[in-house]
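J.: Requesting a structural model of the entry that follows:
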Amino acid sequence: MSVLAIDVGTTMIKSVVFDDQGQELAVARLGTEVHRRHPGWAEQDMDTVWNAVVYTVRTALAEIDDPVWLVTFTAQGDGAWLVDAAGRPTGPAILWSDGRAGDVLSRWEREGVLEEAFRRNGSLTCSGMPNAIFSWLGSHDPQRLARSAASLTAAGWLFLNLTGEVAMDESDASAPFLDHESGDYDPRIIDLFGLTAYARLLPKVLGEEQRIAEITNEAAGQLGLPAGLPVVMAPYDIASTARGVGVVNPGQACSILGTTLCTEIVRKDVDTSGEPSGINIAYRGRERVLRAFPTLNGAEVLGWAARMLRLEGPPELSELAFTVDPRSNGLMFLPYLSPAGERAPFLDPRARGAFWGLSLEHSRADIARSVFDGLSLVLRDSLEASRTTVTELRLCGGGANSDDWCQLIADATGVPTARSGDTELGAKGAFLTGLVLSGAESSMHSAAAKYVRMRSTWEPDPVRSAFYAEQYTAFLKWRTLARDAGWSAPTGTATIPGPRTARDADVPQLGDFHD
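T.: Numbering: from 1, shown residues only. So this is what the prediction gives:
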């Protein structure tokens, strides 16, 4: 008997069939389009997303003979997928990456609203979260809000199509409204953002043991599945990915080396201390919290560096970078190249990148190495911001295919690193969640121990770790100086990224790394 796991990403939808040993039997993928009708906007057609799910499920099922006994899924988080009382979209989904509410965010920051909300539930609002989107729509498209009966996420939209239920997963509800103590929305946070009138749009929050329902006859017919199968809504994609690499116990952490360098640490409690940044995600009811730092700077920085050095892509950049020893070149790089600045582990839309100590003596290889060093110190920065003792850092995403970078991260963070033996890790996390909620496994701990396989490990080199500890201190010093100087950004520089140009579309991504 097999398990069908669906992963609804932003630009790629995947359906994966796992056997009873957790091995991938079939994988089907289909790309989806993000529409940008105006600068800074990011939308998707909701019916197109569902149709892509139907296509990938049917394609994957056609490759297997084993019957499916369970359907489980994960999806991109945040955004506003608005539906009417009949469950039909009232317009396109507004995605997590949408920037139209940038001015709303700036106002809330000036007024201290963002920090006050962070001190309540440990999540810092971004422009693609529902509170910012509601506020923008209230000013610019109130009729759409009036037509809408519920604001879902991508996972909620999928759950509605599969089971007919209107609901929200706890992980998706975590930012920005969740009260982690009660597991429900915090009315004081809703009021703080001035959104009491729109509280009616928030669907019921389902706890860890409640996110299982039966597939409808209509959905079963569309997907080519037997009627009556159980359907499990797993945590949203970054949390499911953490589960997929076996990060389930306090002190374990993972970093997704992709478009975002998303570092996630399992804790027992919500962290609202320190500089407001990142999010606290409900991870297992009241028992576990996932402290997550999704940066704005990751793969595109490597793509930019490859272009500047006239290299084909990140793999070639890696080959060049690791021909030199950084201890001899005295070069440091602040990797804040996103036009939107940075959001984790600090929030500053003005953040910009810089090379420190650059001279005529530096080579292309020195510059390439400093880029990898700078991004690795960002990972250390996230671990430090978590205020948690981390015993192991598991790596995934396209960048984890570089052995050299995995070793560098171990050296730069001082934490042993490991790479997963699986490929579809969001789907794997949904698979594990489905086994636990269906009763096939007793706990997430036992499921991870049984089905998660790590492929390679790296230990920190003591000499290099000592060097990077000093580098990290200098990194923070130079960043502080850059922030105090206004990052050298011209006055009035826009903080909302515009549409990607043809040249941007050709930037190599971290997924281009290969074994």
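J.: So for stretch 393-412, mean pLDDT?
T.: Across stretch 393-412, the average pLDDT comes to 95.
J.: Can you list the buried residues in it?
T.: 393-402, 405-412 (16 or more other Cβ atoms under 10 Å). (Glycine included, C-beta is placed from N, CA and C.)
J.: got the end-to-end distance for that stretch?
T.: End-to-end distance of stretch 393-412 (Cα to Cα, to the nearest Å): 12 Å.
J.: Sort out for me which of the buried residues of stretch 393-412 are in helices.
T.: Counted as lying in helices by DSSP state H, out of these, are Trp405, Cys406, Gln407, Leu408, Ile409, Ala410, Asp411, Ala412.
J.: With distance to Trp69 added, can I get the residues you listed in TSV?
T.: Listed next are these as TSV, based on distance: Cβ to Cβ, whole Å:
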residue	distance to Trp69
Trp405	39
Cys406	36
Gln407	41
Leu408	43
Ile409	39
Ala410	40
Asp411	45
Ala412	44
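J.: From those residues, pick the one nearest Ala175.
T.: Ile409 (26.2 Å; Cβ to Cβ).
J.: is it true that that closest one touches Leu393?
T.: Yes. Counting by Cβ atoms under 8 Å, Ile409 does reach Leu393; the two are 6.9 Å apart.
J.: Please enumerate the shared neighbours of those two.
T.: Common contact partners of Ile409 and Leu393 (Cβ atoms under 8 Å, 6 or more residues apart in numbering): Ser255, Leu379, Thr417.
J.: So the second one is in contact with Thr413, correct?
T.: Spelled out, that is Leu379. Yes. Counting by Cβ under 8 Å, Leu379 does reach Thr413; the two are 6.0 Å apart.
J.: which residues do those two both contact?
T.: With Cβ under 8 Å, 6+ apart, Leu379 and Thr413 have common neighbours Leu393.
J.: follow-up on the earlier one: filter the shared contacts of Ile409 and Leu393 down to the buried ones and hand me the PyMOL line.
T.: Of the shared contacts of Ile409 and Leu393, the buried ones can be selected in PyMOL as follows, counting by 16+ other Cβ under 10 Å:
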select buried, resi 255+379+417
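J.: Return the member of the shared contacts of Ile409 and Leu393 nearest to Arg147.
T.: Ser255 (40.9 Å).
J.: On the pLDDT front, check the closest one for me.
T.: Note on Ser255: pLDDT of 96.
J.: Contacts only, for it.
T.: So Ser255 contacts Leu261, Cys262, Thr263, Glu264, Leu379, Ser382, Leu393, Arg394, Leu395, Cys396, Gly397, Ile409 (Cβ under 8 Å, 6+ apart).
J.: For Leu152, see how far away it is.
T.: According to Cβ to Cβ, to the nearest Å, Ser255 stands 29 Å off from Leu152.
J.: correct me, but Gln407 touches Thr457?
T.: No. The pair Gln407 / Thr457 is not scored as a contact, 10.2 Å apart, by Cβ under 8 Å.
J.: Arrange the shared contacts of Ile409 and Leu393 in CSV, one row each, with distance to Val232 and secondary structure as further columns.
T.: Below are the shared contacts of Ile409 and Leu393 laid out as CSV (distance: Cβ to Cβ, whole Å; DSSP: H, G, I helix; E, B strand; the rest coil):
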residue, distance to Val232, secondary structure
Ser255, 26, strand
Leu379, 31, helix
Thr417, 30, strand
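J.: could you redo the shared contacts of Ile409 and Leu393 as JSON lines and give each row distance to Asp20?
T.: Output for the shared contacts of Ile409 and Leu393, formatted as JSON lines (distance: Cβ to Cβ, whole Å):
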{"residue": "Ser255", "distance to Asp20": "30"}
{"residue": "Leu379", "distance to Asp20": "35"}
{"residue": "Thr417", "distance to Asp20": "30"}
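J.: Relative to Phe134, which of the shared contacts of Ile409 and Leu393 is nearest.
T.: For those, the residue nearest Phe134 by Cβ to Cβ is Ser255; the value is 31.5 Å.
J.: what's the domain layout of this structure?
T.: 2-237, 246-421+453-487 (automatic domain parsing).
J.: Ok, which of those domains comes nearest Gly439?
T.: Across these, Gly439 has its closest neighbour in domain 2-237 (9.5 Å, Cβ to Cβ).
J.: Quick one: end-to-end distance for that closest one.
T.: Distance across domain 2-237, first residue to last, is 21 Å (Cα to Cα).
J.: what distance separates it from the centre of its chain?
T.: 13 Å (Cα atoms, centre = their mean, to the nearest Å).
J.: And for stretch 379-396?
T.: Relative to its parent chain, stretch 379-396 has a centroid offset of 16 Å by Cα atoms, centre = their mean.
J.: Turn the domains of the chain into CSV, columns for distance to Leu432.
T.: Shown next, in CSV, are the domains of the chain (distance: least, Cβ to Cβ, whole Å):
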stretch, distance to Leu432
domain 2-237, 8
domain 246-421+453-487, 8
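J.: Quick check: which of these is nearest to His445?
T.: Proximity to His445, assessed across the domains of the chain by Cβ to Cβ, is greatest for domain 246-421+453-487 (5.7 Å).
J.: can you give me the end-to-end distance of the closest one?
T.: Note: domain 246-421+453-487 ends 39 Å apart using Cα to Cα.
J.: Then Ile367 would be within a helix, right?
T.: Yes. With DSSP: H, G, I helix; E, B strand; the rest coil as the criterion, Ile367 is part of a helix.
J.: Name the residues of stretch 442-455 that are buried.
T.: In stretch 442-455, counting by 16+ other Cβ under 10 Å, buried: Met444, Ala447, Ala448, Tyr451, Val452.
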